[in-house]
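Engineer: I would like to see how this sequence folds:
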Amino acid sequence: MSFPTQILPDHHRHCDDLFVAAENAVQRADWVAVASAFERFHEQMKAHFEAEEGLLFPAFEAATGMSEGPTKMMRYEHDQMRGLLAQLSEACVAHQAEDYAGVAETLLMLMQQHNMKEENILYPMCDQALGAEAERIAEQISGLLEHAHA
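Structural biologist: Numbers count the residues shown, from 1 in each chain. Down below sits the predicted model:
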């Protein structure tokens, strides 16, 4: 059986790899590569948020009746990350390596803390709560993330 929570940690790592590729391009001041790498990273982050907010979180909330708990906090952190991603995008367009590096450092810390909470707390709660629904949700998440890779 495939659980959504087996798919999403792998996608965290994929996003981390794309983040590093963009940072490396910034350090080289290769702004063409930065634009491409950041766009791939940003698209994957948006797909990840969509998979969680549009599929996993609503299923968890329906199964548990909990909408003010961990999913509310994860959505709040997603919003914080969206703001930082917008700042990174602006730094890319303006070719501002120092601005990019400062915002990237903040985003990295937030992503690391956020992913640990999801992987160690929320995802196991989802596995337990979703039961038979998990396989269907996993297929939907997989399809959404694969479409974002295209």
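Engineer: got a list of what the residue nearest to Y100 when sequence neighbours are not counted touches?
Structural biologist: Excluding its sequence neighbours, the residue lying closest to Y100 (C-beta to C-beta, 6 or more residues apart in numbering) is A91, at 3.9 Å. To be clear about C-beta, it is placed using only N, CA and C from the backbone, and glycine gets the same treatment. Contacts for A91 (C-beta atoms under 8 Å, 6 or more residues apart in numbering) come out as 97, 99-100, 103.
Engineer: quick one, helices of the protein?
Structural biologist: 4-27, 31-51, 57-64, 70-94, 97-117, 123-130, 133-149 (DSSP state H).
Engineer: what packs against the second one?
Structural biologist: Okay, so that is helix 31-51. helix 4-27, helix 70-94, helix 133-149 (3 or more C-beta pairs under 8 Å, 6 or more residues apart in numbering; DSSP states H and E).
Engineer: Now do the second one against helix 31-51, angle only.
Structural biologist: Orientation of helix 70-94 against helix 31-51 (axes from the mean of the first three to the mean of the last three C-alpha atoms, to 10 degrees) gives an angle of 160 degrees.
Engineer: before we move on, back to that, just put the helices of the chain in TSV and tack on mean pLDDT.
Structural biologist: As requested, those are exported to TSV (pLDDT from 0 to 100):
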stretch	mean pLDDT
helix 4-27	93
helix 31-51	97
helix 57-64	95
helix 70-94	97
helix 97-117	97
helix 123-130	91
helix 133-149	87
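Engineer: still on that earlier bit, can you redo the contacts of A91 as JSON lines with neighbour count and distance to M45?
Structural biologist: Shown next, in JSON lines, are the contacts of A91 (neighbours: other C-beta atoms under 10 Å; distance: C-beta to C-beta, whole Å):
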{"residue": "A97", "neighbour count": "16", "distance to M45": "21"}
{"residue": "D99", "neighbour count": "16", "distance to M45": "19"}
{"residue": "Y100", "neighbour count": "24", "distance to M45": "15"}
{"residue": "V103", "neighbour count": "20", "distance to M45": "14"}
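Engineer: Just give me how far stretch 41-55 sits from the chain centre.
Structural biologist: Stretch 41-55 sits 6 Å away from the centroid of its parent chain (C-alpha atoms, centre = their mean, to the nearest Å).
Engineer: And for stretch 60-79?
Structural biologist: With C-alpha atoms, centre = their mean as the basis, stretch 60-79 stands 15 Å off its chain's centre.
Engineer: I'm done for today, thanks for sticking with me.
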